[in-house]
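Asker: Turn this into a model:
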Amino acid sequence: MQPKVLILHADGTNRDLEAARAFELAGAMPEIVHLNQLRAHEKQWTDYQILVIPGGFSYADTLGAGKLLALDLQVYFADETREFITSGKPVIGICNGFQALVKSGLLPDLTPLPLPPLSSPEQSSGEERREGMPKAEVRGEAQATLTFNARGHFECRWVTLAPQSQTCVWTRGLDEPIECPVAHGEGNFVLRDEAMLDTLRAHDQVALIYAHPNGLPARGEYPFNPNGSVADIAGVCNPQGNVLGLMPHPEDHVVAYQHPRWTRFARGEHGRMGLKLFESGVRYAAQM
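Answerer: Next up, the predicted model:
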């Protein structure tokens, strides 16, 4: 089955076309849908197998980056969002989308639930993967936020990401770093209290970290960790692994020539593209 992808568009969203292209290359059928089309029931959430909340400046970041979009997810579309997540369908929020997921309380959702079973990327049956997996729950309690970058200014640069989580369906099986840009002023991931970091790690919810070009953790060193995020966290997932949020833009490195050094690649070399992250999510959705 070729999954259909619902890419949400709010006023101020500006990275939806890049996300659509990434999912096309990954083998899915993306559709950009304005929130008003969903409000008017012109489009139905249930027609899609993947949900994408792309980057940009939704609602001009009024009241804070991603805050009003978070209220849409938390209040107006609460039932639809809850159903999408609890069904186990893959969800990804990028940059402003990550901010909305965090500020709505949908991520990181630190709850003492059993971990989903690990499975190899070669496992072919989505049903087999989901057997024994606890049903996702949606609580809506904010336990973290994305605040101003530690250096106090907008960061636009390429970074290296090291995949960490085998629970997350988007990063499961990824065995090499990803290189892609960041472009944000409020990407500093902080938790409500320090103990929550241990919970994140225990539940394998740290999906991606900022790293040195050799793939080793940035350990807070600038500019490899561009915003000061705790424990170099670039992306987190929910305990069940179907919801991923990240600040960097993997959709901006899905073909080799998007890399600033692509002309120096050896013949046949493609760099550490973000495309594989989208392929992982599409592969999982196709097996549901």
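
Asker: quick one, strands of this protein?
Answerer: Using DSSP state E, the strands found in the chain span residues 4-9, 29-34, 50-53, 91-94, 144-147, 155-163, 178-184, 188-191, 206-211, 233-237, 243-246.

Asker: And these: which comes nearest L17?
Answerer: strand 29-34 (7.4 Å; CB to CB). Backbone N, C-alpha and C define where each C-beta goes, glycine included.

Asker: Show the secondary-structure elements that that closest one is packed against.
Answerer: strand 4-9, helix 16-25 (3 or more CB pairs under 8 Å, 6 or more residues apart in numbering; DSSP states H and E).

Asker: And the contacts of it?
Answerer: Strand 29-34 has contacts (CB atoms under 8 Å, 6 or more residues apart in numbering) with 2-10, 16-17, 19-20, 23-24, 43, 48, 52.

Asker: out of the residues you listed, which are buried?
Answerer: 3, 5-10, 16, 19-20, 23, 43, 48, 52 (16 or more other CB atoms under 10 Å).

Asker: Can you tell me which of those is nearest C95?
Answerer: C95 lies nearest to A19 out of those, by CB to CB, at 10.3 Å.

Asker: thought the closest one was touching I94?
Answerer: Yes. If you go by CB atoms under 8 Å, A19 and I94 touch, sitting 6.8 Å apart.

Asker: mind putting the strands of the chain in CSV, mean pLDDT and distance to A70 included?
Answerer: Shown next, in CSV, are those (pLDDT from 0 to 100; distance: least, CB to CB, whole Å):
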stretch, mean pLDDT, distance to A70
strand 4-9, 99, 12
strand 29-34, 99, 18
strand 50-53, 99, 10
strand 91-94, 99, 10
strand 144-147, 97, 10
strand 155-163, 98, 22
strand 178-184, 98, 16
strand 188-191, 98, 15
strand 206-211, 99, 20
strand 233-237, 99, 15
strand 243-246, 99, 11
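
Asker: Just send the ones you listed back as JSON lines, with distance to A60 too.
Answerer: Formatted as JSON lines, the strands of the chain follow (distance: least, CB to CB, whole Å):
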{"stretch": "strand 4-9", "distance to A60": "14"}
{"stretch": "strand 29-34", "distance to A60": "16"}
{"stretch": "strand 50-53", "distance to A60": "16"}
{"stretch": "strand 91-94", "distance to A60": "18"}
{"stretch": "strand 144-147", "distance to A60": "17"}
{"stretch": "strand 155-163", "distance to A60": "19"}
{"stretch": "strand 178-184", "distance to A60": "15"}
{"stretch": "strand 188-191", "distance to A60": "21"}
{"stretch": "strand 206-211", "distance to A60": "28"}
{"stretch": "strand 233-237", "distance to A60": "25"}
{"stretch": "strand 243-246", "distance to A60": "21"}
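
Asker: Now that we have the buried ones among the contacts of strand 29-34, can you turn them into TSV and tack on distance to G152?
Answerer: Listed next are these as TSV, based on distance: CB to CB, whole Å:
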residue	distance to G152
P3	40
V5	36
L6	36
I7	32
L8	30
H9	30
A10	27
D16	29
A19	29
A20	33
F23	34
K43	40
Y48	39
V52	30
